[in-house]
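> Give me a 3D structure for the following:
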Amino acid sequence: MNEAKGSGAIPARERFIQELAPLGLSARMPASLRGPDAAACEQASAVFEVIEELAFGASGEGARVARQAGAWAMRTSHRRYWVARTPSGEAGLVPLGSFGGGHLVTPCAIETGADGNLWIASLGAERITVLTPEGGLVRHVPLPGARPWGLFPAGDGTIWACDFARPRLERIAPDGSIVQGIALPHSSGDDLRPILGAASGADIFLILADGRGGARRLARLRADGSGLEFLPCPVLNPSCVRVRDGLLHVSSLNPAFLLARPLDSGDWFRVNAGLLPEYLTRFDFAGPEAWLTARRHLIRLGRGGEVEMIVDAGGLAGYPEANLCDVAGLQSSRERRLYAVDNIHNLVHSYRIG
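As a prediction, this is how the structure comes out:
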């Protein structure tokens with residue numbers, strides 16, 4: 001729909017937002033999350049709440065327009081919104097230092113291994129690097145010809161690596177030996193490659209993408225490599241998948257939100273309450289809460305999905321231009337820690353949870 005410039009007409013997207021804002025759904029925002037530019041924040045919140053009600057999982061032109069308007073509202077409100085809501089680093093994360101320089105090349109995934117060490121996938125180095133929690137090198141696990149994009153625990157002490165290049169899954173033992181490989185099947189000309197996954201019993205849940213990392217789909221595969229099937233998922237651009245407490249969790253990159261459903265089947269429901277920072281890349285569970293990465297931010301969600309903390313973790317570590325791709329938690333007898341991989345500076349940033 002084209003509208004003449006200078007005619008005084010309100011652009012279609014702005015009119016859409018103005019029509020939705022009076023519905024009052026912004027009242028669901030906790031008062032503690034208000035701040036400067038509250039009106040713009042509440043308006044954006046109203047838009048997303050309405051999209052959830054009217055266009056969630058729907059198809060057709062109306063749903064497409066709703067999603068486009070929501071993405072537009074997020075882009076225009078994002079910076080003011082999160083500057084207003086981001087507390088200082090003293091709110092709950094204490095930086096412990098950064099390490100991994102010289103060992104990591106475009107790190108994009110991190111997992112805590114059964115050996116108590118940090119397993120890190122370097123997308124640009126054809127290998128997995130294993131570091132101690134203090135940053136000492138344990139070993140490199142070479143994967144010639146691979147582009148390891150994601151890591152996830154298999155549940156038996158081994159770790160699965162998602163090889164985007166070949167494409168296949170490799171299961172790696174704590175000593176670095178490869179104990180199983182699964183070549184992903186191709187059908188009907190599909191060129192789908194594994195980005196991330198989550199294991200639950202004999203099942204593996206995967207996010208598959210085309211050769212450019214787009215056109216992402218959620219799938220399930222048996223741990224022996226058989227039975228690949230695609231699963232219905234309302235997320236247009238899934239960025240991460242995890243399993244916890246009998247639920248399958250999936251995140252949306254942008255607009256940013258977190259969904260869950262029972263493992264076997266059932267309806268999807270939204271986990272987070274209120275807005276999340278755009279470009280939500282990964283999330284992980286550490287203790288009772290979930291931690292999410294969005295550019296240089298780390299976000300903590302409580303059990304009820306409420307946003308408990310948003311920290312400029314890159315700036316806190318001394319790297320304000322950081323891009324935190326993934327996060328992993330580590331529990332010891334003395335403290336809880338978080339580790340986030342930064343693919344701009346090829347580092348791991350470590351924090352103590354206060």
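> Count the neighbours of residue 335 for me.
By other CB atoms under 10 Å, 12 other residues sit near residue 335. No exception for glycine: its C-beta is placed from N, CA and C like everyone else's.
> Which residues does the nearest residue to it once chain neighbours are set aside form beta bridges with?
Once flanking residues are discounted, residue 335 sits nearest to residue 352: 5.4 Å by CB to CB, 6 or more residues apart in numbering. Beta-bridge pairing of residue 352, defined through DSSP bridges, involves residue 94, residue 337.
> quick one: least confident helix or strand in this protein?
Ranking every helix and strand in the chain by mean pLDDT, DSSP states H and E puts helix 12-20 at the bottom, with a mean of 46.
> Regarding residue 314, what is its secondary structure?
When classified by DSSP: H, G, I helix; E, B strand; the rest coil, residue 314 comes out as helix.
> Report the contact partners of it.
Applying CB atoms under 8 Å, 6 or more residues apart in numbering, we find residue 314 in contact with 295-297, 320-324, 342, 349.
> show me where pLDDT drops low in the stretch 101-250 of the chain?
Where the stretch 101-250 of the chain drops to pLDDT under 70, the residues are 186-190.
> Please repeat the previous calculation with a cut-off of 50.
Counting by pLDDT under 50, the stretch 101-250 of the chain shows low-confidence ranges at 188.
> Do you have the helices of it handy? List them.
Assigned by DSSP state H, counting those that start in this stretch, the stretch 101-250 of the chain shows no helices.
> What count of nearby residues applies to the spatially closest residue to residue 200 that is not a sequence neighbour?
Among residues not flanking residue 200 along the chain, residue 243 sits closest, at 4.6 Å (CB to CB, 6+ apart). Residues contacting residue 243 under the criterion other CB under 10 Å number 22.
> just the one 3 residues further on next, same as before
Counted with other CB under 10 Å, residues neighbouring residue 246 total 10.
> Distance check, it against residue 309.
Distance from residue 246 to residue 309, counting by CB to CB, to the nearest Å: 26 Å.
> Repeat that for residue 239.
Distance of residue 239 to residue 309, computed by CB to CB: 20 Å.
> Mind checking which of these two has more residues around it?
Taking neighbours as other CB under 10 Å, residue 239 and residue 309 compare with residue 239 leading, 24 against 19.
> Can you name the residues that contact the more buried one?
196, 207, 251-253, 280-282.
> rewinding a little: just to check, the residue nearest to residue 335 is in contact with residue 93?
Yes: at 7.3 Å, residue 352 counts as touching residue 93 under the criterion of CB atoms under 8 Å.
> between the contacts of residue 239, which is closest to residue 118?
Distance to residue 118, by CB to CB, is smallest for residue 282 among the contacts of residue 239, at 14.7 Å.
> Tell me who's in contact with the closest residue to residue 146 other than its chain neighbours.
Nearest residue to residue 146, sequence neighbours excluded (CB to CB, 6+ apart): residue 163, at 4.3 Å. By CB under 8 Å, 6+ apart, the contact list for residue 163 reads 143, 146-149, 169-170, 194.
> Where does the spatially most central residue of the chain sit, in terms of helix or strand?
For the chain, residue 282 is the residue whose C-alpha lies nearest the centre (CA atoms, centre = their mean; 2.1 Å). In the assignment (DSSP states H and E), residue 282 maps to strand 280-286.
> quick revisit: which one (most neighbours) among the contacts of residue 314?
Ranked by the number of neighbours (other CB under 10 Å), those place residue 349 first, at 28 neighbours.
> mind checking pLDDT for that residue?
Per-residue pLDDT puts residue 349 at 97.
> do the same with residue 265
84.
> I'd like the distance from it to residue 213, if you could.
According to CB to CB, residue 265 and residue 213 sit 28 Å apart.
> One more: residue 251?
The value you get for residue 251 to residue 213, if CB to CB is used, is 15 Å.
> Can you give me the neighbour number for residue 308?
A count of nearby residues for residue 308, using other CB under 10 Å, gives 15.
> show me what contacts it?
Residue 308 sits next to 289, 300-302 when contact means CB under 8 Å, 6+ apart.
> would JSON lines of those with neighbour count be doable?
Formatted as JSON lines, these follow (neighbours: other CB atoms under 10 Å):
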{"residue": "289", "neighbour count": "16"}
{"residue": "300", "neighbour count": "20"}
{"residue": "301", "neighbour count": "21"}
{"residue": "302", "neighbour count": "14"}
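> That'll do, ta.
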